[in-house]
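Trainee: Predicted model follows, preceded by the sequence.
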There are 2 protein chains.
Amino acid sequence: MAQRVLTPQAEDFPRWYQDVVAKAEMAENGPVRGTMVIRPYGYAIWERMQREVDDRIKAAGAQNVAFPMFIPESYLQREAEHVEGFSPELAVVTHAGGKELEEPVVVRPTSETVFGEFMAKWIQGYRDLPLLLNQWANVVRWELRPRVFLRTTEFLWQEGHTAHASEADATAYALRILHDVYRDFMVEVLGIPVLVGRKTARERFAGAINTLTCEAIVGDGKALQMGTSHELGQNFSRAFDILYLDADGQQQHAWTTSWGVSTRMVGGLIMSHGDDDGLRIPPRLAPTQVVVVVVRDDAGCLERGGALVDELRHAGVRVVLDDKVSVSFGRRATDWELKGVPVRVEVGPRDLADGVVTLVRRDLASDNPSRKQTVGLDQVAAAVATALEDGQASLRRQAEEHLAARLVDVEDLDSAVEAAATGAARIPWALVGDAGEDRLAAEGVTVRCIQRPDGTVPASADEPDLVAVAARAY
Amino acid sequence: MAQRVLTPQAEDFPRWYQDVVAKAEMAENGPVRGTMVIRPYGYAIWERMQREVDDRIKAAGAQNVAFPMFIPESYLQREAEHVEGFSPELAVVTHAGGKELEEPVVVRPTSETVFGEFMAKWIQGYRDLPLLLNQWANVVRWELRPRVFLRTTEFLWQEGHTAHASEADATAYALRILHDVYRDFMVEVLGIPVLVGRKTARERFAGAINTLTCEAIVGDGKALQMGTSHELGQNFSRAFDILYLDADGQQQHAWTTSWGVSTRMVGGLIMSHGDDDGLRIPPRLAPTQVVVVVVRDDAGCLERGGALVDELRHAGVRVVLDDKVSVSFGRRATDWELKGVPVRVEVGPRDLADGVVTLVRRDLASDNPSRKQTVGLDQVAAAVATALEDGQASLRRQAEEHLAARLVDVEDLDSAVEAAATGAARIPWALVGDAGEDRLAAEGVTVRCIQRPDGTVPASADEPDLVAVAARAY
Ligand SMILES: [Zn+2]
Ligand SMILES: [Zn+2]
C-alpha cells in the first residue's frame, strides 16, 4: 500500500500490534484498567473461533454448562497450591445489595474449584464417568501489565473440566483435547503451525501433574501459549472429594483434567499472520471472506457488485458489499487490507467495459504478480473459491516457513539464549534440566515445551532424546 | 406416567417448578446465594435459544460486541434516574490485585452506561448511524428472593444498544426488535403466544421514554415478562454526549434504544409448556428432538436402535440413542418424559418381531389415543418428521387455548383483581389510569402492557380504545 497507516513490524513490533488492533477496529481499552472492549470486527473473529472450537469440543463428547462467576472465598482455600497461584490476581466483591457481605466473594479467575464442588455431587458411580463438561465464560485475573487480547484483566475463554475412572482415561482425554480440538483448530483453521508438547515441572499449571501446550512462534519470533490441557491427577478430586463407586463397590477418587483457550488466540492470530498493511485472516476463519468493492457509481458498477454478492452468498461464501462510493476507492482498499479480508473483488467501470473484474488476494505480498488477477464476469464464483482455498494454504505455508526460519537447533544453553533473541531454540532436554531452566530464566527465556525429536508429545519427561523448545514469550 | 416424580401443578405450582428444574437436571442453586449452575440439559436449551435469537438479531442488522463486566462507579452516576433504579442491586469490587482499589468498580447490572460512553466515541457523523450493537453477557443484580432462571443474582442475557439519527428511526427499530426478533422467536420457536404492548409510565424501564414488552401467561395464570425493547429518546445520548453531525453540519443528539432477553426465558418455557410429567420442549427448540430407546438388549434391538439413530441423524434430526439397558425401561421412559424430549421411539423385541417400533409424542396427554403409534420400520423417518411438525403446532395450540381460557375481558377494576387470581384481565385502559394502577398494585396486580383491542402495539398510550392487560406477575 502507498499510505503508511501502521508502524512497520521491523521498526517496533509491539507498536505495530497496538496500531493494527486499533486501526482494524478489533478492540480498545476498557474504562477499568486492563479491561478491553471487543469491537464488532474483533468479536466476529472470536465468534468464528468459538464456533469452530465448540464444534470440536462437542465432537469430543463434552457438554456445555454455565457456572456462576462468583465463588465464595472459602472455596479457593480448599486447594492450597491452586489458590497460591491466583491470589494476587483476584478481584473481590465485598459489598452487594447495599450492604457489606458476610463472606466476600471472588470473581472467578478460573472455575476449577466450583466445578470440583459440583462434580463431587453429580458423580456417584463408575457409570457416571467420564463426566465431560465445558463452559464458555469470562474470567478475571488482575493484570499489572495488560495488553489487549494477550493479557487482560477480564478475558473470554472456554474451560473444560472432566473426571475419569482411571489415570489412563484422563491422560488420553487431555491428549485428545490437545490434538483433536486445539491443534486441529489452530493448524487447520487458523493456519498456525503450533508446536505441541509437555510443560516442564516449573511451567506447569498449579496443581497439575502434567500440562500439555500448543505454542505459536509469532511474527517477532517470540512464543505465545495458545492453549493448554492439564492432567490434574487425583489432586483436585482429593481436595474436592470427587469420589465414585467402582465396579467392585469400592470408593475411588476420580482422575480429572482441565483445558482452555481464550481471546488470547485473537492476539496470536494477529501476530502470526499480520503484515505491514494490517491483518491477514485465514479464509476458513474469516467472518468476511470476500468483499466486493464498487469502485465508482458508474457504468452499472453498483448493480453488478450487488449481483456478484448475491451470487457468492448463494455459493456459501461469507461476503459483504462495499458500495460506499462517497469514500475514495483508495481509502476503502486500504481499510480492507487493514482488516485482512482474504479476497477483494473490485468492480470498476473500465474493467466492466471489458467484461471483467479484478480479484485481489490478501495473503500474497504486494509485489507478488499473482496477487491481482483479472477475472471474467462469469468466472468470479469459481475464481473466488480457488482464491479462498489457495489463500488458506498459502498463509499456513508462510507461517510454516516463518517457523522453520525462526526455530534453530542448538547444542548448548548459550546458543539457546542467542537464538531466543530472534526466535526459538530447540535444545536437547538432557542439556537443560532444572539448572538450565534457571540459567535461561535469568535471560528472560523459558522452556515453552518438551517434545520428541519428531515434534510429537512425549508420554513423560524422562523419555530419551527429548528436545526442549526455549524462547522468550508473551 | 405411573410414578409420581413431581409435585402436581394443581397442588403447588411453585413447588412443581422447583421439582422439575431439579429432576430434569436443568439447573441448581450456586454456592453464592441467588446464583445458579446451569447443567448440560438446561444449557443446551439456552444455547438453542441463543442461536435462534442471535440469527434474528443479525438479520435485523446488529453486530455483536463484548464490553467489560467491570464499570467504574462514576459511570453510573452520569445517568441519575438510571442508577437509582439499580443501586440497591449492585455488587461492588473494592479489592483487586491484592490491594484496595482507588475507585471501586461495579459488576455490570446492565451495560447501558459503558455502551453510551463508547458509542459517543464511535459516532461522528450521520453516516455512522444507525449504530446497531448487541452483546451476550452475564450481568449481576443482587436478588433478595431469588428463583432459578426467573430471578437470579447473576443471569445470562443479550443486551442490544442502538443509536439512530431520528426519533422515528429509533421507534421503528425498537418495534422491529420486538416483532421480528422477540415475538417471532417466542411464538414460532418457543410456541408461546406472548402478548405484546407498551408498558405504562410506572412500569417503564428507568430512563426510557417507552418500553415495549412480550408477556407470557404461564401455567398458573401469572404473567412473565419474556423480553423488553426500550426507546430511550435522547435521555442517554444527553447523559453520555452521543452526538453526531447531521447532513447540514449541525451537532445533534442521537436517539437510542436498548432491548434484552435473558435466561428467564428458560423459566418461561418450563412454566408455559410443562405438565405433571415434566418438561415439554417444542421440537423447533429442542436440543434433543428424538430419543431412540432400546427396550432390552435382545432380538437385535440395540443394532436396530443404532441404525434408526443413524438414519434420523442423516435426515437432519437432533437425535440421541438410549441404550442404557442396565437401567429399567420404565425408569428411562419416565426420565425422557421429565426432560420433555418431543418424540420417543421405543425399540422392543416384541415390536421388532412384527417389524414395527412404537413412537410416543410428548406433547399429547397420556390419555390421548394418538399419543402412541405403531410405525413400520421403513416408515420411522417419515413418521418422526410428521410427529415433530405436529408436536410443534400442538404445543402452541395448547398454549393458545390456555391463554384464551385465562385471559378474561372485564369492565371494572374489581373484576380485574378477581380475574388476576387465576389469570389475566383485559380491561379498558381508560378505566385504569394512574389511580387504577395504584388500586391494582394494592392487590399485587400490575398492568403488564397496554394494547390495541386487536392485540397490536399502540403508537402511544393516548390512542382511543386501548386495553390494559392486568395480572399478577413473576
Ligand atoms: Zn477425598
Ligand atoms: Zn449533550
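Mentor: Alright, I've got the coordinates. Ligands and ions are numbered 1, 2, ... in the order given.
Trainee: Return the backbone torsion pair for the residue in chain A positioned nearest to ligand 2.
Mentor: Of all residues in chain A, A:P31 sits closest to ligand 2, at 18.8 Å by CB to the ion. Just so you know, the C-beta spots here come from the backbone N, C-alpha and C atoms, and that holds for glycine as well. As for A:P31, its main-chain torsions (degrees, to the nearest 10) stand at phi -70, psi -30.
Trainee: Pretty sure it sits against B:E117.
Mentor: Yes: using CB atoms under 8 Å, A:P31 is in contact with B:E117, at 6.7 Å.
Trainee: list residues touching both of those two?
Mentor: Shared contacts of A:P31 and B:E117 (CB atoms under 8 Å, 6 or more residues apart in numbering or on different chains): B:Y75.
Trainee: Show me which of these two is the more surrounded one.
Mentor: Neighbour comparison, A:P31 and B:E117: the larger count goes to B:E117, with 22 against 19 (by other CB atoms under 10 Å in any protein chain shown).
Trainee: wait, what's in contact with the nearest residue to the more buried one once chain neighbours are set aside?
Mentor: Nearest residue to B:E117 in three dimensions, chain neighbours excluded: B:F240, at 5.8 Å (CB to CB, 6 or more residues apart in numbering or on different chains). Going by CB under 8 Å, 6+ apart, B:F240 touches B:R78, B:E79, B:T113, B:G116, B:E117, B:M119, B:A120.
Trainee: Right, and ligand 1 sits closest to which residue of the stretch 351-474 of chain A?
Mentor: For the stretch 351-474 of chain A, CB to the ion, closest residue to ligand 1: A:S460, 26.0 Å.
Trainee: okay, now that residue: neighbour count?
Mentor: 9.
Trainee: Next: A:A383.
Mentor: A:A383: 17 neighbours (other CB under 10 Å).
Trainee: tell me the mean pLDDT over stretch A:59-73?
Mentor: In this model, stretch A:59-73 has a mean pLDDT of 97.
Trainee: CA-only coordinates of it in PDB, if you can.
Mentor: In PDB, the C-alpha atoms belonging to stretch A:59-73 read as follows (Å, rounded to 0.1, in the frame of the first residue of the first chain):
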ATOM      1  CA  ALA A  59     -17.300 -33.900  18.900                       C
ATOM      2  CA  ALA A  60     -15.000 -34.900  21.700                       C
ATOM      3  CA  GLY A  61     -18.100 -35.700  23.800                       C
ATOM      4  CA  ALA A  62     -18.100 -32.700  26.300                       C
ATOM      5  CA  GLN A  63     -21.300 -30.800  27.200                       C
ATOM      6  CA  ASN A  64     -21.500 -27.100  27.900                       C
ATOM      7  CA  VAL A  65     -22.700 -25.800  31.200                       C
ATOM      8  CA  ALA A  66     -22.700 -22.400  33.000                       C
ATOM      9  CA  PHE A  67     -21.300 -21.900  36.500                       C
ATOM     10  CA  PRO A  68     -21.700 -18.600  38.400                       C
ATOM     11  CA  MET A  69     -18.800 -16.200  38.200                       C
ATOM     12  CA  PHE A  70     -18.900 -15.500  42.000                       C
ATOM     13  CA  ILE A  71     -17.100 -18.000  44.100                       C
ATOM     14  CA  PRO A  72     -17.100 -18.000  47.900                       C
ATOM     15  CA  GLU A  73     -13.600 -17.200  49.200                       C
END
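Trainee: Let me know the pLDDT of the residue nearest the centre of chain A.
Mentor: Centroid-nearest residue in chain A: A:M265, 2.1 Å away (criterion: CA atoms, centre = their mean). As predicted, A:M265 sits at a pLDDT of 98.
Trainee: my read: it touches A:V218, true?
Mentor: No: the criterion here is CB under 8 Å, and A:M265 misses it with A:V218 at 11.6 Å.
Trainee: residues touching A:A247, list them.
Mentor: Contacts for A:A247 (CB under 8 Å, 6+ apart) come out as A:Y126.
Trainee: What of A:K372?
Mentor: A:K372 sits in contact with A:T358, A:L359, A:V360, A:R361, where contact means CB under 8 Å, 6+ apart.
Trainee: Now do stretch A:231-240, average pLDDT.
Mentor: For stretch A:231-240, the per-residue pLDDT averages 95.
Trainee: Quote the end-to-end distance of that stretch.
Mentor: 16 Å (CA to CA, to the nearest Å).
Trainee: where are the low-confidence patches of the stretch 251-400 of chain A?
Mentor: The stretch 251-400 of chain A contains no residues with pLDDT under 70.
Trainee: buried residues in stretch A:386-398?
Mentor: Using 16 or more other CB atoms under 10 Å in any protein chain shown as the test for burial, stretch A:386-398 gives A:T386, A:A387, A:L388, A:D390, A:G391, A:Q392, A:S394, A:L395, A:R396, A:Q398.
Trainee: Next, count neighbours for the closest residue to ligand 1 within the stretch 1-150 of chain A.
Mentor: Ligand 1 sits closest to A:A120 of the stretch 1-150 of chain A, with a gap of 8.9 Å, by CB to the ion. Burial of A:A120, expressed as a neighbour count using other CB under 10 Å, amounts to 18.
Trainee: Contact partners for it?
Mentor: So A:A120 contacts A:F240, A:D241, A:I242, A:L243 (CB under 8 Å, 6+ apart).
Trainee: could I get these as JSON lines with secondary structure?
Mentor: What follows is the contacts of A:A120, written out as JSON lines (DSSP: H, G, I helix; E, B strand; the rest coil):
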{"residue": "A:F240", "secondary structure": "coil"}
{"residue": "A:D241", "secondary structure": "coil"}
{"residue": "A:I242", "secondary structure": "coil"}
{"residue": "A:L243", "secondary structure": "strand"}
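Trainee: near chain B, anything from stretch A:43-63?
Mentor: Yes: Stretch A:43-63 lies within reach of chain B by CB under 8 Å from any CB of the partner chain, at A:Y43, A:A44, A:W46, A:E47, A:Q63.
Trainee: What helix or strand is the first one located in?
Mentor: Counting by DSSP states H and E, the element that carries A:Y43 is helix A:40-59.
Trainee: Need the residues that contact the very next helix or strand once past that helix.
Mentor: Going down the chain from helix A:40-59, the next helix or strand is strand A:63-64, by DSSP H and E. Residues from elsewhere that reach strand A:63-64 (CB under 8 Å, 6+ apart): A:D54, A:I57, A:K58, A:L132, A:L133, A:N134, A:Q135, A:W136, B:P40, B:Y43, B:A44, B:E47.
Trainee: could you measure the third one against A:E52, distance?
Mentor: Summarising the geometry, the distance separating A:K58 from A:E52, computed by CB to CB, to the nearest Å, is 11 Å.
Trainee: The fourth one too?
Mentor: With distances taken as CB to CB, A:L132 is found 19 Å from A:E52.
Trainee: Hmm, A:K23 is touching A:V5, no?
Mentor: Yes: the criterion here is CB under 8 Å, and A:K23 meets it with A:V5 at 5.9 Å.
Trainee: Cool, thanks, talk later.
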